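> generate coordinates for the sequence data below:
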Amino acid sequence: MRLLSALAPLLLASTAYAQAPGEMTPMGPPPPVTAAPQGEWSVMQNRLSIGLSVGQVTIANDAAPDQKADFSIGELTLRYRLRPEWEAELLLGGGNEKLKDGSQGDRQLTSATIGLRYRFRPAEQLNWFLLAGLGGSAVASSTATSDQRDAATRGHVQVGAGIEYRWTHFALQAEFRLTAMGQPKGASNNTVMPVTGGVDTPPSNVATPPATSSTQDTLTGSQLTIGASYYF
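Residues are numbered from 1 along each chain as shown. Coordinates of the predicted model:
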């Protein structure tokens, strides 16, 4: 019995020594969870967005700057973020002519644009951007045939700037664009079609500038829109 009493402490000590060090040490607290990085990561989580905007477009004929027309427009935009600063966009817009007395005119404006945006502060809620795009626009009577509307289509170039306030998925924005439009498909180099005219001929109360060898039927437009976007 005395021998067993003497050997018992030795056996217990050897058993404790044989255990793995981790088994003898009480388990500590779990490592802290690191939050997902902000900035570029949070912006790139939601790359695709769809937007709706409303506003007004004013168009003038370069050969007769005093001849202007206003259009109330609506736009649908689909955007994809390529990088935190860069977005590609497809914009479809259109609307009816708005006369000086507030009534609706006979003509309609339609346009389609593919463009790029550069955002200066992409990770901030309040950010501003520059934009540029290429596309086509048509000013035609609301009763024009598809062939007439196609003949009235003009290639255009757009540049502009805007500002946006964004939450996680929802954003509000305002933007201003300048547009330069080339000649319509169905016009010759020596024919001027005033923007205040119809598809084929201008109304009788609108003077048509005389055509010369250097006269081209080109238009300049400006537009201001406000809208909302949803990112997903």
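> any chance you could map the strands in the protein?
Under the criterion DSSP state E, strands of the chain are mapped to 48-61, 64-81, 86-98, 104-119, 126-141, 153-166, 170-184, 219-231.
> could you dump these to JSON lines with mean neighbour count, distance to residue 147 and mean pLDDT?
Where C-beta positions appear, they are placed from N, C-alpha and C, glycine not excepted. Output for the strands of the chain, formatted as JSON lines (neighbours: other CB atoms under 10 Å; distance: least, CB to CB, whole Å; pLDDT from 0 to 100):
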{"stretch": "strand 48-61", "mean neighbour count": "18", "distance to residue 147": "22", "mean pLDDT": "97"}
{"stretch": "strand 64-81", "mean neighbour count": "17", "distance to residue 147": "22", "mean pLDDT": "95"}
{"stretch": "strand 86-98", "mean neighbour count": "18", "distance to residue 147": "18", "mean pLDDT": "97"}
{"stretch": "strand 104-119", "mean neighbour count": "19", "distance to residue 147": "15", "mean pLDDT": "97"}
{"stretch": "strand 126-141", "mean neighbour count": "19", "distance to residue 147": "10", "mean pLDDT": "97"}
{"stretch": "strand 153-166", "mean neighbour count": "18", "distance to residue 147": "11", "mean pLDDT": "97"}
{"stretch": "strand 170-184", "mean neighbour count": "18", "distance to residue 147": "12", "mean pLDDT": "97"}
{"stretch": "strand 219-231", "mean neighbour count": "18", "distance to residue 147": "21", "mean pLDDT": "97"}
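> reformat those as a markdown table; add distance to residue 42.
Below are the strands of the chain laid out as a markdown table (distance: least, CB to CB, whole Å):
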| stretch | distance to residue 42 |
| --- | --- |
| strand 48-61 | 14 |
| strand 64-81 | 12 |
| strand 86-98 | 16 |
| strand 104-119 | 14 |
| strand 126-141 | 13 |
| strand 153-166 | 11 |
| strand 170-184 | 14 |
| strand 219-231 | 11 |
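> please tell me how far residue 138 sits from residue 54.
Using CB to CB, to the nearest Å, residue 138 is found at 20 Å from residue 54.
> repeat for residue 144
For residue 144, the distance to residue 54 - CB to CB - is 24 Å.
> please apply the same query to residue 77.
In terms of CB to CB, residue 77 sits 12 Å off from residue 54.
> any common contacting residues for the two?
Counting by CB atoms under 8 Å, 6 or more residues apart in numbering, the common neighbours of residue 77 and residue 54 are residue 227.
> list the contacts for residue 72?
Residue 72 neighbours (CB under 8 Å, 6+ apart): 54-56, 95-96, 98.
> what about 7 Å?
Residue 72 is in contact with 56, 95-96, 98, counting by CB atoms under 7 Å, 6 or more residues apart in numbering.
> which of those lies closest to residue 132?
Here the nearest of those to residue 132, counting by CB to CB, is residue 56; it sits at 20.9 Å.
> the closest one reaches residue 68, doesn't it?
No - taking contacts as CB atoms under 7 Å, residue 56 lies outside contact range of residue 68: 11.8 Å.
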